[in-house]
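Participant: After the sequence you'll find the predicted model.
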There are 2 protein chains.
Amino acid sequence: MAEILGIGALAKRAATKVQTIRFYEQEGLMPAPARSEGGQRRYTETHADRLAFIRHARELGFPLDAIRELLKLVDKPDQPCAEVDRVASDVLADVEAKIVRLESLRGELRRMVRQCRHGRVSDCRVIKVLADHTHSHCLSPDHG
Amino acid sequence: MAEILGIGALAKRAATKVQTIRFYEQEGLMPAPARSEGGQRRYTETHADRLAFIRHARELGFPLDAIRELLKLVDKPDQPCAEVDRVASDVLADVEAKIVRLESLRGELRRMVRQCRHGRVSDCRVIKVLADHTHSHCLSPDHG
DNA sequence: CTACATGCTACAGTGGCTGTAGCTTCAAGG
DNA sequence: CCTTGAAGCTACAGCCACTGTAGCATGTAG
């Protein structure tokens, strides 16, 4: 154990790109690792764990700012986890809001596409709906 | 009728920012309008209609490239509208794919937040799930 | 004629990477 | 030991669709 990893090996483990790891370091999400004599980054298991944490959080929709906050909290393990809960709940609320909006868009788009009679552009329902500045075709006009 | 609009008035009508209109002109979505003696943009109803079309399409999730394509098609009203239909269907498919992904994320996040026992950070389920590199807590590990 | 609002261009910043150019270093084979 | 090719380095541009800012010029109402 206590394996030493080059940036490429670390990237492969976390299924990321090399540049992404350097970007996280630049952004303060990953700590600057030791360097070889020639100046190349040398990582440990600790780094691999941290990168896995970041990637998993990203996959779940946490923005980098939220992840930064979580990483700070992880270093204070005796504090209550209310803050952690809040960060996760914020991300959840954000995801839920996005779903609501996208479902509304899906409805409008489906109706548009369904009404298309496959005639000429001049008669196309899709074009007509899009050109309709009054939004009178829309079920809810607040998709803006 | 045939009202002449300054860029501010046009922006207000379309509920956009002034800069957005200039950006659309730069991107070739809005035609360059006439200018006043002093060099300020002077718009007509035609411009207002075109901007409304662009905004409505944007609200429905059409990317600018798709809108560019639609605007070209609008200028050929005698062609069949299969292309229009395809562009709209692509956007719909994109929206549907995003919904599927977000619903999966919502599931993971809800389970994470629900399992939080509101104790110490060191025991926090949210942190544990995120730190779990094996994704064994996840219903579907392919949220990446 | 004087304010003050509006408009102009040009450019930087957003988020989260990704790609490129032009170098240097590393590791394996001969 | 030497070469070769992969991998790494820094620094910067690009993606999308805007948004904001700086530093001026113009337009309009009183």
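Facilitator: Alright, I've got the coordinates. Not measured: the values here are computed from a predicted model. Residues are numbered from 1 along each chain as shown, chains lettered A, B, ... in the order given.

Participant: Taking the centroid of chain A, which residue is nearest it?
Facilitator: What sits nearest the mean C-alpha location of chain A, by CA atoms, centre = their mean, is A:Gly61, with 4.0 Å.

Participant: where does that one land in three-state SS?
Facilitator: Following DSSP: H, G, I helix; E, B strand; the rest coil, the label given to A:Gly61 is coil.

Participant: where does A:Arg50 land in three-state SS?
Facilitator: A:Arg50 ends up helix, using three-state DSSP.

Participant: Am I right that it is in contact with A:Pro33?
Facilitator: No. Counting by CB atoms under 8 Å, A:Arg50 sits too far from A:Pro33 to count as a contact (10.5 Å). Where C-beta positions appear, they are placed from N, C-alpha and C, glycine not excepted.

Participant: how about the residues of chain A near DNA strand D?
Facilitator: Neighbours of DNA strand D within chain A, by CB under 7 Å from any atom of the strand: A:6-9, A:11, A:18-19, A:22, A:35, A:39-41.

Participant: The residues you listed, buried ones only, as a ChimeraX selection?
Facilitator: Here is the ChimeraX command that selects the buried residues among the residues of chain A next to DNA strand D (16 or more other CB atoms under 10 Å in any protein chain shown):
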select /A:7,11,41
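
Participant: Report the mean confidence score over the host helix or strand of A:Val84.
Facilitator: Assigned by DSSP states H and E, A:Val84 falls within helix A:82-115. In this model, helix A:82-115 carries a mean pLDDT of 94.

Participant: do stretch A:38-51 as well
Facilitator: pLDDT averaged over stretch A:38-51 gives 97.

Participant: first to last residue in that stretch, what's the distance?
Facilitator: This stretch, stretch A:38-51, spans 24 Å end to end (CA to CA, to the nearest Å).

Participant: One more: stretch A:35-45?
Facilitator: Terminal residues of stretch A:35-45 lie 15 Å apart, using CA to CA.

Participant: any idea how far that stretch is from the chain center?
Facilitator: 29 Å (CA atoms, centre = their mean, to the nearest Å).

Participant: Then stretch A:42-59?
Facilitator: In this view, stretch A:42-59 has its centroid 16 Å away from the chain centroid, taken as CA atoms, centre = their mean.

Participant: Could you double-check that A:Arg110 sits in contact with B:Leu92?
Facilitator: Yes. Counting by CB under 8 Å, A:Arg110 touches B:Leu92, with 6.5 Å between them.

Participant: For stretch A:21-32, buried residues please.
Facilitator: Buried residues in stretch A:21-32, counted by 16+ other CB under 10 Å: A:21, A:24-25, A:29-30.

Participant: ok, is that stretch in contact with DNA strand C or not?
Facilitator: Yes. Residues of stretch A:21-32 contacting DNA strand C under CB under 7 Å from any atom of the strand: A:Phe23.

Participant: what does that stretch rub up against?
Facilitator: Stretch A:21-32 is contacted from outside by A:7, A:10-11, A:14, A:33, A:47, A:50-51, A:54, A:64, A:67-68, A:71, using CB atoms under 8 Å, 6 or more residues apart in numbering or on different chains.

Participant: pLDDT averaged over it, what's the number?
Facilitator: 96.

Participant: Convert that stretch to PDB, retaining C-alpha atoms only.
Facilitator: In PDB, the C-alpha atoms belonging to stretch A:21-32 read as follows (Å, rounded to 0.1, in the frame of the first residue of the first chain):
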ATOM      1  CA  ILE A  21      -7.000  17.200 -11.600                       C
ATOM      2  CA  ARG A  22      -4.700  20.100 -12.300                       C
ATOM      3  CA  PHE A  23      -7.700  22.300 -12.500                       C
ATOM      4  CA  TYR A  24      -9.000  21.100  -9.100                       C
ATOM      5  CA  GLU A  25      -5.500  21.800  -7.600                       C
ATOM      6  CA  GLN A  26      -5.600  25.300  -9.100                       C
ATOM      7  CA  GLU A  27      -9.100  25.800  -7.600                       C
ATOM      8  CA  GLY A  28      -7.900  24.700  -4.200                       C
ATOM      9  CA  LEU A  29     -10.100  21.500  -4.100                       C
ATOM     10  CA  MET A  30      -7.100  19.200  -4.400                       C
ATOM     11  CA  PRO A  31      -4.000  19.900  -2.200                       C
ATOM     12  CA  ALA A  32      -0.700  20.500  -4.100                       C
END
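
Participant: Pull the residues that contact the host helix or strand of A:Ile127.
Facilitator: Taking DSSP H and E as the criterion, A:Ile127 maps to helix A:125-131. Residues outside helix A:125-131 that contact it (CB under 8 Å, 6+ apart) are A:108, A:112-113, A:115-117, A:121, A:137-138, B:49, B:52-53, B:56-57, B:60, B:70, B:73-74, B:81, B:84-85, B:88.
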